[in-house]
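>>> here is my input; please provide its structure:
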Amino acid sequence: MLIGLSSGAAAASPTPATPTPSPTPVLYSAQTLAESKQLQQAALASDYAYRQVAHLADNIGPRLSGSAQAQKAVEYVAGELKALGLEVQLEKVMVPHWVRGEETAALVQFQGQAPKTTQKIVLTALGGSVATPATGLTAEVVVVRDFEELASLGKEKINGKIVVFNHAFDRQMAAEGHGGEAYGQAVVYRGDAPSAAARLGAVAALVRSVGGAAYRLPHTGTTHYAADAPKIPAAAVTEEDADLIAALAPQGPVRMHLVLTPQQLPDALSYNVIGDLKGTEHPEQVIIVSGHLDSWDLGTGAIDDGAGVAVAMQVPNLIKQLGLHPRRTIRVIAWMNEENGSRGGQTYAQEHADEIANHFAAIETDLGADHPLGINLVGQPELKSFLVPVAKVLENSGAGLLAVKEEAGSDIDPLAKLGVPNFSPIQDSRFYFNYHHTAADTLDKIVPRELAETAAINAVLAYALANLEQPLPR
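Numbering: from 1, shown residues only. Predicted structure coming up:
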């Protein structure tokens with residue numbers, strides 16, 4: 001039979017102890033957060049970053065890898081970082097040296113043509129393109145929307161032709177704040193279309209410009225020749241001219257005369273510019289804050305990426321100005337050759353591979369100078385919780401969002417692949433691709449206040465990470 005316990009006996013039974021909750025680890029001291037707010041306010045009030053990008057864009061100009069302007073920019077940034085009291089090094093990078101040359105095109109046969117006339121086509125060679133014969137080439141044009149339509153035509157209809165890929169940039173997607181995604185969908189044609197056409201016997205490939213502006217502006221950028229295809233001349237044609245050719249082609253044969261005379265010279269010696277603001281407690285641990293110094297040659301490289309270099313330079317400038325002392329080293333890097341080779345980031349990762357454990361974090365700004373909304377992060381999912389206090393500081397300038405991404409910047413991506421947490425500002429991307437890689441990438445596209453807001457993100461984030469009380473998850 002069952003024997004019941006008396007109420008007294010029950011009362012004497014021990015009560016299970018309530019577990020003591022583990023204290024939430026302190027990520028940032030009150031002093032660090034207070035100093036981060038000081039940096040934010042100082043960045044918003046300073047024109048230092050704007051003056052730096054103005055000099056790079058207006059005084060030095062376009063900075064394609066291997067050019068005299070690229071070397072001048074290396075010397076200028078190194079001198080400015082030395083003037084701030086940083087330990088400066090120039091680390092060698094062998095870079096592609098591609099020179100644009102002449103680029104012209106005209107329709108020489110089309111339906112309704114007036115006698116002895118042509119129609120000018122506005123285009124620009126894609127980076128790395130091979131040349132036509134010096135006097136050009138003349139061939140019939142075939143227009144396709146995408147790779148599938150190209151394949152459906154086959155070699156019989158493509159052989160000996162100039163292929164125009166009329167694949168449109170999704171403006172609506174960009175207008176809704178997803179410019180990067182719209183760019184990603186279209187840029188595959190800039191990279192892969194020439195080889196796809198060449199496999200079917202095309203003599204040249206033209207790609208509808210990868211951008212959102214319809215002002216008859218061609219957008220350049222690198223193309224990638226596949227090992228299994230002949231190299232054929234490749235160029236970006238303006239949106240308007242792509243549509244013109246697409247309208248004429250169904251009416252009858254369209255023939256084009258095309259002249260592209262780029263040269264691929266031997267690789268040139270250049271440099272990543274590196275400036276260290278040494279940490280007071282853990283100088284061996286490094287937080288990179290960076291942008292790329294090279295640019296395309298059509299504009300003056302203000303938004304891509306003079307702005308990124310300038311806001312990186314602003315970080316030590318403000319820290320010195322306020323008399324602050326980061327515990328870890330803040331390393332400013334102006335990368336070389338992001339645009340047509342990514343040699344700067346790749347070389348750095350290779351040469352510093354034995355120091356990766358001491359690379360605490362890497363930040364890159366390379367999406368223009370429009371209003372920033374917050375911080376992108378690449379790494380372990382727990383990283384997001386480490387940035388919540390930083391985001392709280394940045395809410396005052398409308399930049400409190402946190403977003404987990406697959407990539408934060410092409411120059412720092414090799415470090416991400418080695419386990420280094422990567423970060424970048426979330427930029428407003430609605431308008432960036434209207435100017436990106438075009439002749440319109442000039443200083444007037446930068447709003448000084450918005451550049452200062454981006455500088456504030458770099459300064460607050462870099463300084464907070466330099467003083468973080470815990471290691472970041474890796």
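>>> most centrally placed residue in the protein?
The centre of the chain sits closest to residue 366, judged by Cα atoms, centre = their mean, with a distance of 3.8 Å.
>>> ok, the strand or helix carrying residue 402: who's next to it in the sheet?
Applying DSSP states H and E as the criterion places residue 402 in strand 401-404. Strand 401-404 pairs in its sheet with strand 372-378 (parallel), by DSSP bridges.
>>> residue 453: neighbouring residues, count only.
Using other Cβ atoms under 10 Å, the number of residues around residue 453 comes to 25. All C-beta spots, glycine's among them, are computed from the backbone N, C-alpha and C.
>>> buried ones in whichever helix or strand it is part of?
In this assignment (DSSP H and E), residue 453 forms part of helix 448-466. Neighbour-count burial for helix 448-466, counted by 16 or more other Cβ atoms under 10 Å, picks out 450-466.
>>> re earlier: name the next helix or strand downstream of the strand holding residue 402, please.
helix 413-416.
>>> ok, residues contacting the strand holding residue 402?
With contact meaning Cβ atoms under 8 Å, 6 or more residues apart in numbering, strand 401-404 is reached by 373-378, 381, 383-384, 387-388, 391, 426.
>>> ok, which stretches of the stretch 201-350 of the chain are helices?
Taking DSSP state H, counting those that start in this stretch, the helices of the stretch 201-350 of the chain run over residues 239-248, 307-322, 343-351.
>>> return the most buried member of these.
Among these, ranked by average contacts under mean count of other Cβ atoms under 10 Å, first place goes to helix 307-322 (a mean of 26).
>>> what pLDDT, on average, does it get?
Helix 307-322 shows an average pLDDT of 98 in the prediction.
>>> just the angle between it and strand 372-378, please?
100 degrees (axes from the mean of the first three to the mean of the last three Cα atoms, to 10 degrees).
>>> name the nearest residue to residue 150, sequence neighbours excluded.
Using Cβ to Cβ, 6 or more residues apart in numbering and skipping residues adjacent in sequence, the residue nearest residue 150 is residue 144, 4.6 Å away.
>>> next, give phi and psi for that neighbour.
Per-residue torsions, residue 144: phi -130, psi 150 (degrees, to the nearest 10).
>>> my read: it touches residue 161, true?
No: the pair residue 144 and residue 161 does not pass the contact test of Cβ atoms under 8 Å, sitting 10.4 Å apart.
>>> contacting residues around the nearest residue to residue 365 once chain neighbours are set aside?
Distances taken as Cβ to Cβ, 6+ apart place residue 308 nearest to residue 365, at 3.8 Å, with adjacent residues excluded. Contacts for residue 308 (Cβ under 8 Å, 6+ apart) come out as 290-292, 364-366.
>>> which of the residues you listed fall within strands?
Of the positions in the contacts of residue 308, 290-292, 364 sit in strands, assigned by DSSP state E.
>>> can you report phi and psi for residue 156?
Torsion angles, degrees, to the nearest 10, at residue 156: phi -60, psi -40.
>>> residues in contact with it?
Going by Cβ under 8 Å, 6+ apart, residue 156 touches no other residue.
>>> any idea how far it lies from residue 147?
17 Å (Cβ to Cβ, to the nearest Å).
>>> what of residue 190?
13 Å.
>>> which one's more surrounded, the two?
residue 190 (27 against 16).
>>> I figured that one hits residue 235, correct?
No: with contact defined as Cβ under 8 Å, residue 190 does not count as touching residue 235 (10.1 Å).
>>> which neighbours do the two share?
With Cβ under 8 Å, 6+ apart as the test, residue 190 and residue 235 both reach 126, 207.
>>> just the CA trace of the helix or strand where residue 41 lies, in CSV.
Following DSSP H and E, one finds residue 41 within helix 30-45. C-alpha atoms of helix 30-45 as CSV (Å, rounded to 0.1, in the frame of the first residue of the first chain):
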residue,chain,number,x,y,z
ALA,A,30,31.1,53.6,-20.1
GLN,A,31,34.2,55.6,-21.0
THR,A,32,34.5,53.9,-24.5
LEU,A,33,30.8,54.6,-25.3
ALA,A,34,31.1,58.2,-24.1
GLU,A,35,34.3,58.7,-26.2
SER,A,36,32.5,57.1,-29.2
LYS,A,37,29.8,59.7,-29.0
GLN,A,38,32.4,62.4,-28.9
LEU,A,39,33.9,60.9,-32.1
GLN,A,40,30.5,60.8,-33.7
GLN,A,41,29.9,64.5,-33.0
ALA,A,42,33.4,65.5,-34.1
ALA,A,43,33.0,63.7,-37.4
LEU,A,44,29.7,65.4,-38.1
ALA,A,45,31.3,68.8,-37.5
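>>> give the buried residues for it.
32-33, 35-36, 38-40, 42-43.
>>> who touches that helix?
Residues from elsewhere that reach helix 30-45 (Cβ under 8 Å, 6+ apart): 28, 49, 314, 318-319, 321-322, 324, 389-390, 393-394, 396-397, 449, 452-453, 455-456, 459-460, 463-464, 467.
>>> got the buried residues for stretch 95-103?
95-98, 100, 103.
>>> what about it, how long is it end to end?
End-to-end distance for stretch 95-103, by Cα to Cα, to the nearest Å: 23 Å.
>>> can you list contacts of it?
Stretch 95-103 has contacts (Cβ under 8 Å, 6+ apart) with 64-66, 123-125, 127-128, 131, 235, 259-270, 294, 297, 336-337, 340-341, 343-344.
>>> only the buried members of those: can you turn that into a ChimeraX selection?
Paste this into ChimeraX to select the buried members of those, with burial taken from 16+ other Cβ under 10 Å:
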select :64,65,66,123,124,125,127,128,131,235,259,260,261,262,267,268,270,294,297,336,337,340,341,343,344
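>>> mind checking which of the contacts of stretch 95-103 are in strands?
Taking DSSP E, the ones among these that sit in strands are 123-125, 235, 259-260, 263-270.
>>> tabulate those residues (CSV), appending distance to residue 138 and pLDDT.
Formatted as CSV, those follow (distance: Cβ to Cβ, whole Å; pLDDT from 0 to 100):
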residue, distance to residue 138, pLDDT
123, 15, 98
124, 20, 98
125, 18, 98
235, 15, 98
259, 10, 98
260, 13, 98
263, 22, 98
264, 24, 97
265, 28, 98
266, 31, 98
267, 33, 98
268, 34, 98
269, 39, 98
270, 38, 98
